[in-house]
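Q: Could you work out the structure for the sequence below:
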Amino acid sequence: MPMPRPPEKFPPPFRWLKRILLAYAILIPALIATWFTWSWYAHRALQKQIDAAHARGEPIEPEDFDRLLPTVDPAKNAALHYERAATLCVWTSAQDRWDRDRNYNDPPDYDMAASISDTCRAALDEAYLGATFSQARWSTLPSAEIYGTAWPSYGRLRRVVNTLKLAAEYHHHIHDDAAALRDVATILHCADSHRPAPALMGSVVATAFEEVACSALMEILPDISIGTDHKQADPQSARALLARLLDDKERIPSRLRSWYGERSFAIYFEDSGMSRTFGLTMESILKKTPLRPLAEARNAALLTSIANSVAQPFYPDMHLIYDPAPPLPEPRSLGEDFATTWDYGVNAFRRAVLLEQRSIADRRLAATAIAIRLWRADHPGAPFTSLEDLVPAYLAEIPADPLAPDHHTLRYQPAGEVPRLYSVGDDGVDDHGTLRDKNGGYSYGRFQALDLNFCLEPWARPTSP
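A: You can find the predicted model right below:
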């Protein structure tokens, strides 16, 4: 007779439960240890970036920017006047509708330009007053400028700048070129007043306003009247505007300051420019990893490399290296979504650098065009044949093309549809000043052409090839 089996100490279901509990007892402390170890590593990586920046003498923490901006007397703060102008600049519904429906290739509507100038006369006067002051502060505290609250009225400021452009075109139409140059100079002053702020947004705003100023100059310079009559453009005013367009003394320091501010923005503010611009919210990172400091360290490394590159005067020399050195991980180790967003963000930053260099090229083209107009005013009836004729009486030297890989100067093209100055454009290839785009047609805007052109005579862009 078989012996009965002794009862099991733990029935099978309870045995597996014991093993599961044991696994949890081992796994949970291991995960907690991994979490804290990895977080310690991440904070150390971020602190290394901060310490390295301080060792190089670069501002990176919000309080580091306090010493960069001088105190400005509120009574002499240009920014306050531009903000008042933005409040006063209100178009009618009919003017808004006209602005929304007009086409780039439409001929100027001088009646509407006159109407808008009259509607916003108080805003224009306030902007003219702002242009008489040399300093501007767009907020009370530097930290506010870093963290993006410096331009709450940017949309309305853009309206003021567009009104100034329309006023310049209208003043030129009624042969008041002195007022037209004042309008353009005010736009440039408003643009330059944004550059001292330690935030990339300041550079972006300035670049956009500079484009408006240069477009206005291309409209009025081909047949501007320069002389001593009270409605003619005064030669001294023209030379002052030329000098302002070529003044790069503060350009690189302000550019570095803006990228350093963006780096601080990306590290210390959750709703940073990277998150707003590229959809990179901290919540999306935390879904993949708890290591927010690691992402911040990588952002800091990227923006440091960009800041190092933008100190170069020529765009082709700006080699943007977005992969920081080890031990920071590759973006894909933080998840596929983060890697895709990261790649998009890097390309967008490259685009911001390109637009800055394109703006410099545009300013230099406009300055050279003013020099040519001054030369023609002094040599009536004589044909202009070479940029060398401008040196040294009108230009100290022919301006360099910041988009040229060979560091060439700006070029003059007398042949073709219209005499023009040109830069080689975004691709760095000299297409001999072509006004056509890569498809062989005439682009909607001049920035779409293969080369960046500045026409020296009135020219209506064809609507078809």
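Q: Report how many residues lie close to Pro316.
A: 15 (other Cβ atoms under 10 Å). For the C-beta atoms, the positions are set from N, CA and C on the backbone; glycine is no exception.
Q: these two touch, right, it and Ala404?
A: Yes. Here Pro316 reaches Ala404: they are 7.4 Å apart, a contact under Cβ atoms under 8 Å.
Q: and for the two, which residues touch both?
A: Residues touching both Pro316 and Ala404 (Cβ atoms under 8 Å, 6 or more residues apart in numbering): Gly428.
Q: Next, work out how far apart Leu31 and Tyr24 are.
A: 10 Å (Cβ to Cβ, to the nearest Å).
Q: ok, now Glu250?
A: Distance from Glu250 to Tyr24, by Cβ to Cβ: 62 Å.
Q: Equivalent analysis for Leu69, please.
A: 55 Å.
Q: For stretch 411-419, C-alpha coordinates in CSV please.
A: Backbone C-alpha positions of stretch 411-419 (Å, rounded to 0.1, in the frame of the first residue of the first chain) are rendered in CSV as follows:
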residue,chain,number,x,y,z
ARG,A,411,29.0,91.9,-56.5
TYR,A,412,27.6,94.3,-59.1
GLN,A,413,25.6,93.1,-62.2
PRO,A,414,24.9,95.8,-64.8
ALA,A,415,23.4,93.4,-67.4
GLY,A,416,20.1,91.6,-67.5
GLU,A,417,16.7,92.7,-66.5
VAL,A,418,17.9,95.6,-64.3
PRO,A,419,21.3,96.8,-62.9
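Q: Quick check: which ranges of the stretch 201-350 of the chain have low pLDDT?
A: The stretch 201-350 of the chain contains residues with pLDDT under 70 at 269-291, 319-347.
Q: rerun at 90
A: 201-205, 228-230, 248-259, 261-350 (pLDDT under 90).
Q: show me where it has helices.
A: 235-246, 251-268, 273-278, 282-288, 292-309, 336-378 (DSSP state H, counting those that start in this stretch).
Q: Mind putting those helices into CSV with mean neighbour count and distance to Val161?
A: Converted to CSV, those look like this (neighbours: other Cβ atoms under 10 Å; distance: least, Cβ to Cβ, whole Å):
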stretch, mean neighbour count, distance to Val161
helix 235-246, 17, 16
helix 251-268, 22, 19
helix 273-278, 19, 22
helix 282-288, 14, 34
helix 292-309, 22, 27
helix 336-378, 20, 14
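Q: Nearest to Thr207, out of those?
A: Closest approach to Thr207 among the helices of the stretch 201-350 of the chain is made by helix 336-378 (4.5 Å; Cβ to Cβ).
Q: what's the offset of that closest one from the middle of its chain?
A: 8 Å (Cα atoms, centre = their mean, to the nearest Å).
Q: Let me know the next secondary structure element after that helix.
A: Where DSSP states H and E defines the elements, the next helix or strand beyond helix 336-378 is strand 411-413.
Q: Report the rounded mean pLDDT for that following strand.
A: Across strand 411-413, pLDDT averages out at 95.
Q: Helix or strand next in line after that strand, which one?
A: Following strand 411-413 in sequence, per DSSP H and E, is strand 420-423.
Q: Sheet partners, orientation included, of whichever helix or strand comes after that next one?
A: Scanning forward in sequence from strand 420-423 by DSSP H and E, the next helix or strand is strand 452-455. Using DSSP bridges, the strands paired with strand 452-455 are strand 420-423 (antiparallel).
Q: so where's the stretch 51-200 of the chain uncertain?
A: Looking at the stretch 51-200 of the chain by pLDDT under 90, you get 60-75, 79, 83, 99-108, 135-157, 194-200.
Q: In stretch 388-404, which residues are buried?
A: For stretch 388-404, a neighbour-count test (16 or more other Cβ atoms under 10 Å) marks Asp389, Leu390, Tyr394, Leu395, Ile398, Pro399, Ala400, Asp401, Pro402, Leu403, Ala404 as buried.
Q: Just the CA trace of that stretch, in CSV.
A: Extracted in CSV, the C-alpha atoms of stretch 388-404 (Å, rounded to 0.1, in the frame of the first residue of the first chain):
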residue,chain,number,x,y,z
GLU,A,388,35.7,100.2,-57.0
ASP,A,389,34.6,103.7,-57.9
LEU,A,390,33.0,104.0,-54.4
VAL,A,391,36.2,103.5,-52.5
PRO,A,392,37.3,105.5,-50.5
ALA,A,393,35.0,108.5,-51.0
TYR,A,394,31.8,106.7,-50.2
LEU,A,395,32.8,103.4,-48.8
ALA,A,396,36.0,102.5,-46.8
GLU,A,397,36.0,99.2,-48.6
ILE,A,398,33.6,97.1,-50.6
PRO,A,399,31.5,95.2,-48.1
ALA,A,400,32.1,91.5,-47.8
ASP,A,401,29.4,89.0,-48.7
PRO,A,402,28.6,87.1,-45.4
LEU,A,403,27.1,84.2,-47.4
ALA,A,404,30.1,83.7,-49.7
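Q: contacts for that stretch?
A: Contacts for stretch 388-404 (Cβ under 8 Å, 6+ apart): 242, 246, 313-316, 357-358, 360-361, 364, 367-368, 371-372, 374-375, 387, 407-411, 423-426, 428, 430, 452.
Q: give me that answer again for 7 Å
A: With contact meaning Cβ atoms under 7 Å, 6 or more residues apart in numbering, stretch 388-404 is reached by 246, 313-315, 357-358, 360-361, 364, 367-368, 371-372, 374-375, 387, 407-410, 423-426, 428.
Q: So what does Ile58 have for phi and psi?
A: Let me fix one detail, which is that residue 58 is Glu and not Ile. Main-chain dihedrals, Glu58, degrees, to the nearest 10: phi -100, psi 140.
Q: give the contact list for Val418.
A: Cys455, Glu457, Trp459.
Q: Against Asp451, how distant is it?
A: For Val418, the distance to Asp451 - Cβ to Cβ - is 13 Å.
Q: Of the buried residues of stretch 388-404, which pair is most distant in space?
A: Asp389 and Leu403 (23.9 Å).
Q: hang on, isn't Cys455 packed against Glu219?
A: No. Using Cβ atoms under 7 Å, Cys455 is not in contact with Glu219; the gap is 9.6 Å.
Q: From the centroid of the chain, which residue is nearest?
A: Val204 (2.5 Å; Cα atoms, centre = their mean).
Q: give the contact list for Asp426.
A: Per Cβ under 7 Å, 6+ apart, neighbours of Asp426: Leu354, Arg358, Leu403.
Q: how close does the second one sit to Val212?
A: The reference is to Arg358. Arg358 is 14 Å from Val212, by Cβ to Cβ.
Q: Over to the first one?
A: In this structure, Leu354 lies at 18 Å from Val212, with Cβ to Cβ as the measure.
Q: hang on, the earlier thing: with adjacent residues omitted, what lies nearest to the residue nearest to the centre of the chain?
A: Ala352 (6.7 Å; Cβ to Cβ, 6 or more residues apart in numbering).
Q: Same question for Pro313.
A: Using Cβ to Cβ, 6+ apart, the nearest residue to Pro313 is Pro402, at 6.4 Å.
Q: For Leu256, see how far away the one you found is.
A: 16 Å.
Q: Same question for Pro316.
A: Pro316 is 19 Å from Leu256, by Cβ to Cβ.
Q: what's stretch 162-180 in contact with?
A: Residues outside stretch 162-180 that contact it (Cβ under 7 Å, 6+ apart) are 89, 108, 110, 113-114, 116-117, 120, 123-124, 127, 183-184, 186-187, 212, 215-216, 219-220, 224-225, 230-234.
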